[in-house]
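quick one, fold the following:
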Amino acid sequence: MGIYLSTPKTEKFSEDGENDRLRFGLSSMQGWRATMEDAHAAIPNLDNSTSFFGVYDGHGGKVVAKFCAKYLHQQVLKHEAYLAGDIGTSVQKAFFRMDEMMRGQRGWRELAVLGDKLNKFSGMIEGLIWSPRGGDKNDQVDDWASEEGPHSDFSGPTSGSTACVAIIRENQLVVANAGDSRCVISRNGQAYNLSRDHKPDLEVERDRILKAGGFIHAGRVNGSLNLARAIGDMEFKQNKFLPAEKQIVTADPDINIVELCDDDEFVVLACDGIWDCMSSQQLVDFIREQLKSESKLSLVCEKVLDRCLAPSTAGGEGCDNMTMILVQFKKPIQSGATSGDKPSTSEEAQVESEPAETEQP
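As a prediction, the model looks like this:
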């Protein structure tokens, strides 16, 4: 059946966790796809006051998504801007850093390790979903020293991954997104998008693509990639006369900073396998209904995955890998925001209430 299996893999990787400020649940499922290319990170205690959550949706392979799940949050922590309290800058630099780290002999070796060479022996190995545990976040203090070897001139992977992360510190929520995974907040039952899907036909994306020497055909960059921003995809980042943020495809994330208030109930991060099947508001409504009777957040996520899974591959929707993280705030957040306000955001990315449906790949 090409990229689809004859029957879907419905086994799920699920996890729950909490700290004194929030609790989370997550679930991932391979579904109808022949391989599992999603990865995620859920680290409630990135440091004493900060939580980190990320979903990574790979394309052309799983290694870039797994690389981001392993290393991106570490790079957020290490940047000098983070130590100065500037989370937005540190996470933006971490997105770019992923591309840099995947180059050369060291990058080639790390990607080879994450590529699971054993998968040809067992379909189950291929379906394993890798996620860093909270205790793994700082186990390796590593300056990423360069290595010499036969792949020293490796320009980076031709596969890629979306990245959508949410960082919560006290009353502040910082969302960084590149690609079409999505972060949504429920404020008093109203869904607000905290990220924008980076499709090539958006005017700002189209302008950059054309200026960098690329083209758009059938809604795809150079007739190939249906995303305008992603980590990896190095074949679209080869213009030596342009900075990273102006390449045909860029890892440059939109950064959205939101001041949380008492009415903020939960945040959802999910790959497009979910959003292809449910709008932001539909998902928020479904979650709120489930929370009336289900306290374990990972089970709520599992119910969403089961609802989105297509009965067959005939229609395309509901056939993708699916990953979802649900983060619920434990207690009222005291801030200046008042009931019914639209989330107050930075100028870097505008929050929208229930936008138009995104284009299908």
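
in the stretch 201-350 of the chain, which spans are helices?
In the stretch 201-350 of the chain, the helices defined using DSSP state H, counting those that start in this stretch lie at 203-211, 272-275, 280-291, 297-308.

ok, residue 322 touching residue 305?
Yes - assessed by CB atoms under 8 Å, residue 322 is found in contact with residue 305 at 4.9 Å. Just so you know, the C-beta spots here come from the backbone N, C-alpha and C atoms, and that holds for glycine as well.

who has more neighbours, those two?
Using other CB atoms under 10 Å as the criterion, residue 322 and residue 305 rank with residue 322 on top: 29 against 23.

where does the stretch 51-200 of the chain have low pLDDT?
Where the stretch 51-200 of the chain drops to pLDDT under 70, the residues are 116-142.

please repeat the previous calculation with a cut-off of 80.
Low-confidence segments of the stretch 51-200 of the chain (pLDDT under 80): 116-143, 145.

so which bits of the lengthiest strand in the chain are buried?
Longest strand in the chain, counting residues (DSSP state E): strand 4-18. The neighbour-count check on strand 4-18 (16 or more other CB atoms under 10 Å) flags 5, 8, 9, 12, 13, 14, 15, 16, 17 as buried.

check residue 332 and give its pLDDT.
Looking at residue 332, its pLDDT stands at 61.

got any residues that touch both of residue 322 and residue 305?
Common neighbours of residue 322 and residue 305, using CB atoms under 8 Å, 6 or more residues apart in numbering, are 29, 31, 274.

now the buried members of those residues.
By 16+ other CB under 10 Å, the shared contacts of residue 322 and residue 305 give 29, 31, 274 as buried.

I'd guessed the last one sits against residue 324; true?
This means residue 274. Yes - if you go by CB under 8 Å, residue 274 and residue 324 touch, sitting 5.6 Å apart.

which stretches of the stretch 201-350 of the chain form strands?
Here the stretch 201-350 of the chain has its strands, by DSSP state E, counting those that start in this stretch, at 216-217, 220-221, 231-232, 254-259, 264-270, 322-329.

the longest one - what's its average pLDDT?
Averaged across strand 322-329, pLDDT comes to 97.

in its sheet, what does it sit against?
Strands that pair with strand 322-329, judged by DSSP bridges, come out as strand 22-33 (antiparallel), strand 264-270 (antiparallel).

contacts for the shortest one?
Here strand 264-270 makes contact (CB under 8 Å, 6+ apart) with 53-55, 164-166, 168, 173, 181-189, 194, 283-284, 287-288, 322-329, 333, 343.

how much space separates residue 181 from residue 257?
18 Å (CB to CB, to the nearest Å).

higher neighbour count, these two?
Taking neighbours as other CB under 10 Å, residue 181 and residue 257 compare with residue 181 leading, 29 against 20.

quick revisit: residue 229: which of the helices of the stretch 201-350 of the chain is closest?
With CB to CB as the measure, helix 203-211 is the member of the helices of the stretch 201-350 of the chain nearest residue 229 (7.4 Å).

for that closest one, output the C-alpha coordinates as CSV.
Output of helix 203-211 as CSV, limited to C-alpha atoms (Å, rounded to 0.1, in the frame of the first residue of the first chain):
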residue,chain,number,x,y,z
GLU,A,203,2.7,35.7,1.5
VAL,A,204,5.6,36.1,3.9
GLU,A,205,6.8,32.6,3.1
ARG,A,206,6.3,32.9,-0.6
ASP,A,207,8.4,36.1,-0.7
ARG,A,208,11.3,34.5,1.1
ILE,A,209,11.2,31.4,-1.0
LEU,A,210,11.3,33.3,-4.3
LYS,A,211,14.0,35.7,-3.1
